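In: what shape does this take:
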Amino acid sequence: MAVAQTPSPQPVDGRTAAAQPAQAEQLFSGPSFRKGLWRFIRTLDVVKSANRNFRYRVVNAETTRCVDPTFAMKATFSPEPVGSCVSDKPEKIGNQYTFGHRCDYMGAVSTVITVRSDEAYTELNEVSIGEHPRTDMVVATRIGDCDDGGAANSDKSATGRLQH
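Out: Numbering: from 1, shown residues only. Model prediction:
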């Protein structure tokens, strides 16, 4: 199994590597979301027939966790190449960010991120080339605050908070 390695930051134009994270932070022009308890529903469909009319659902999963989706979006919007693949700059139209060609773990994909609010979005990734084209859809919704109390509040589960 191949493992991706992140190169060490290198100075650019005489600036120190420590200044680069701040610069990357300023370059991010994607959507921002509230930190908290988020539910992610992911489906992955693969086209399985020669005439491309039959989709086979490979993944149908739901996850709930405390996250900052804005942090993940920074990776999605990163202009850094993945191997030899270079992502297009996103085009923003209304509440949608569209990448004609974006590089991620599935290879070169077409991506559309639809922002419903700072508490909800969908991300659709489509690979249309190759023997088995596929569609990866994530529906993300913020469902509450995280319990930052640690062990003192360990009896309060995410499920308990959802019932309120």
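In: low-confidence ranges in this structure?
Out: Scanning the chain for pLDDT under 70 picks out 1-27, 49-52, 148-164.
In: can you give me the helices for the protein?
Out: Assignment of helices within the chain using DSSP state H yields the ranges 19-27, 69-76, 158-162.
In: how about the strands in the protein?
Out: 36-47, 55-67, 91-93, 96-104, 107-117, 120-127, 134-144 (DSSP state E).
In: please name whichever of those strands is nearest to P81.
Out: Nearest to P81 among those is strand 96-104; the distance by CB to CB comes to 6.8 Å. Using the backbone N, CA and C atoms, a C-beta is placed for each residue, glycine as well.
In: parallel or antiparallel, list what pairs with the closest one.
Out: strand 91-93 (antiparallel), strand 107-117 (antiparallel) (DSSP bridges).
In: which one of those strands lies closest to D147?
Out: Proximity to D147 (CB to CB) singles out strand 107-117 among those, at 22.7 Å.
In: now do the closest one: distance to the chain's middle.
Out: 8 Å (CA atoms, centre = their mean, to the nearest Å).
In: what about T70, how many residues nearby?
Out: For T70, the neighbour count with other CB atoms under 10 Å is 15.
In: ok, now V58?
Out: Residues lying near V58 (other CB under 10 Å) number 13.
In: correct me if wrong: it contacts V47.
Out: No: between V58 and V47 there is no contact under CB atoms under 8 Å: 11.0 Å.
In: any residues in contact with both of those two?
Out: R134 (CB atoms under 8 Å, 6 or more residues apart in numbering).
In: on that earlier part again, any chance of the strands of the chain in JSON lines, plus distance to S29?
Out: Below are those laid out as JSON lines (distance: least, CB to CB, whole Å):
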{"stretch": "strand 36-47", "distance to S29": "22"}
{"stretch": "strand 55-67", "distance to S29": "21"}
{"stretch": "strand 91-93", "distance to S29": "8"}
{"stretch": "strand 96-104", "distance to S29": "9"}
{"stretch": "strand 107-117", "distance to S29": "12"}
{"stretch": "strand 120-127", "distance to S29": "16"}
{"stretch": "strand 134-144", "distance to S29": "19"}
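In: and F28, which of those is closest to it?
Out: Nearest to F28, of those and by CB to CB, is strand 96-104 at 11.8 Å.
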